[in-house]
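> Build me a model:
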Amino acid sequence: MRSRDAGLWRHPDFLKLWVGQTISLLGSQVTMLALPFTAILVLKASAFQMGVLRAFQYVPALLIGLFAGAFVDRMRRRPILMAADLGRAAVLGSLPLAALLGALSMGYLYGVALLAGALTVLFEVAYLAYLPTLTSREHLVDANARLEASQSVASIAGPGLAGFLVQALSAPLAIAADAFSFLVSVGFLGLLRTPESLPVPPERRHLWREIGEGMRMALGHPLLRATLLSSGITNFFSAILNSLFVLYATRQLGINPAGIGSIFLLASVAGLAGALAAGRVARRLGVGPTIVLAELLIGVGAAIIVLAGGSLVLTIGIITGGLAVIAIGDSLYNINVVSLRQALIPDALLGRVSASLRFVIWGAQPFGALLGGVLGERFGLRATLGVVAAGYLCAFASLLVSPLRAVRTQPATGD
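Take a look at the predicted model:
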């Protein structure tokens with residue numbers, strides 16, 4: 001453990017990437033709350049409109065996901081990362097300007113969500129393919145653990161910052177912080193010095209054939225297929241939760257923006273603990289059992305959220321506890337699943353296979369978001385969140401019957 005840690009601490013380019021991503025993730029946590037608050041508080045959005053807004057964030061995975069993978073495998077990844085961050089800074093930076101000019105509408109929010117979502121798909125595919133270039137495969141779990149820890153740290157500081165900015169400045173102006181964070185990320189990416197060679201193109205550069213190679217591996221490898229199924233189910237129902245949670249907490253439970261930010265802050269401390277312990281837990285229980293346990297925790301946490309009620313203090317305590325359990329499960333799941341995929345997929349296919357996986361996983365989310373909006377309008381927010389908890393437990397069941405549960409250590413590439 002000490003040698004792995006020392007190797008990463010003495011890796012200047014990884015440290016630059018880590019710092020830049022941490023700042024960017026902090027800004028993104030602000031938008032995570034500020035965007036739905038803009039719809040709810042400024043534009044008085046309904047449950048269905050919240051579902052549509054979330055769907056626009058996710059639909060780019062269906063439209064460009066597979067093409068993004070083939071594109072990434074033909075190009076150097078770092079310039080793609082920088083261009084995507086610059087694009088996201090411009091798109092999100094336009095939203096507070098539109099608010100100041102009185103041009104804000106749900107249609108404008110939908111457009112921002114769509115464009116930012118498309119750039120995020122491109123960034124995430126390139127990022128997953130770039131990390132193994134920056135650091136050795138033996139360091140992948142620890143590198144991903146640090147980046148997941150950054151996500152947790154951002155989740156701790158970001159929501160509190162978002163609640164303050166929303167109440168002090170308004171929700172649209174708070175999003176300017178995220179736009180600035182992407183510019184900071186670009187600056188750190190520009191400082192990286194690890195050489196990255198241009199991928200060697202195949203003899204015949206047929207786009208659909210290249211996409212097919214990535215999809216065949218994603219669906220044909222038993223371990224990748226197992227994580228694809230569980231992640232697809234989880235993300236489908238997560239889209240429902242993400243679409244409706246702020247509306248549920250605000251209108252049904254009566255919690256103000258600062259209170260919601262505080263809930264996310266407290267819950268994210270548990271997520272940070274999960275990220276820091278992910279490597280140790282996987283080495284003790286095994287990679288597969290850790291992933292199965294993580295999925296169970298996510299389902300239990302969602303069930304706790306459905307039970308929220310009583311006094312405001314009790315309600316906040318229950319909600320915080322449920323989100324904390326979900327955050328621990330998310331950290332354990334994401335670190336070990338992403339590391340497993342990066343270890344299994346050959347370098348030449350990383351972009352395409354990652355894009356194929358995300359095409360299915362993220363592609364499920366717009367349908368989940370729309371269904372959440374419909375169910376929320378028809379049956380109420382609490383009942384809809386009960387459906388989310390049941391869906392998470394279905395993902396857990398899929399892992400119980402998969403070969404993944406028997407995997408003890410990270411396999412070598414091609415296993």
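> For the stretch 301-415 of the chain, which residues score under the pLDDT cut-off?
The model of the stretch 301-415 of the chain has pLDDT under 70 over residues 351, 410, 412-415.
> So in this structure, which helix runs the longest?
If you go by DSSP state H, the chain has its longest helix at helix 312-344.
> Which other helices and strands does that one contact?
helix 106-134, helix 140-169, helix 222-247, helix 257-285, helix 287-306, helix 350-379 (3 or more CB pairs under 8 Å, 6 or more residues apart in numbering; DSSP states H and E). Bear in mind the C-beta positions are built from the backbone N, C-alpha and C, glycine included.
> 7 Å instead, please
helix 106-134, helix 140-169, helix 222-247, helix 257-285, helix 287-306 (3 or more CB pairs under 7 Å, 6 or more residues apart in numbering; DSSP states H and E).
> Those helices: which one's closest to P195?
helix 106-134 (9.0 Å; CB to CB).
> what helices or strands is the closest one leaning on?
For helix 106-134, where contacts count as 3+ CB pairs under 7 Å, 6+ apart, the packed elements are helix 12-37, helix 47-58, helix 60-72, helix 77-100, helix 312-344, helix 350-379.
> change it to 8 Å
helix 12-37, helix 47-58, helix 60-72, helix 77-100, helix 140-169, helix 312-344, helix 350-379.
> got CSV for the ones you listed, with distance to L400 too?
Output for these, formatted as CSV (distance: least, CB to CB, whole Å):
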stretch, distance to L400
helix 12-37, 31
helix 47-58, 27
helix 60-72, 27
helix 77-100, 36
helix 140-169, 23
helix 312-344, 14
helix 350-379, 20
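> Need those helices in TSV (columns: mean neighbour count and distance to R216).
Shown next, in TSV, are the helices and strands packed on helix 106-134 (neighbours: other CB atoms under 10 Å; distance: least, CB to CB, whole Å):
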stretch	mean neighbour count	distance to R216
helix 12-37	22	31
helix 47-58	24	24
helix 60-72	23	12
helix 77-100	20	22
helix 140-169	22	23
helix 312-344	22	14
helix 350-379	23	9
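> can you list contacts of the one helix or strand G212 maps to?
Here G212 is covered by helix 207-220, with elements defined by DSSP states H and E. Outside of helix 207-220, the residues within contact range by CB atoms under 8 Å, 6 or more residues apart in numbering are 66-67, 69-70, 73, 202, 224-225, 228, 345, 349, 351-357, 359-360.
> returning to that earlier point: reformat the helices and strands packed on helix 312-344 into CSV and put distance to G20 next to each item.
Output for the helices and strands packed on helix 312-344, formatted as CSV (distance: least, CB to CB, whole Å):
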stretch, distance to G20
helix 106-134, 11
helix 140-169, 10
helix 222-247, 25
helix 257-285, 18
helix 287-306, 27
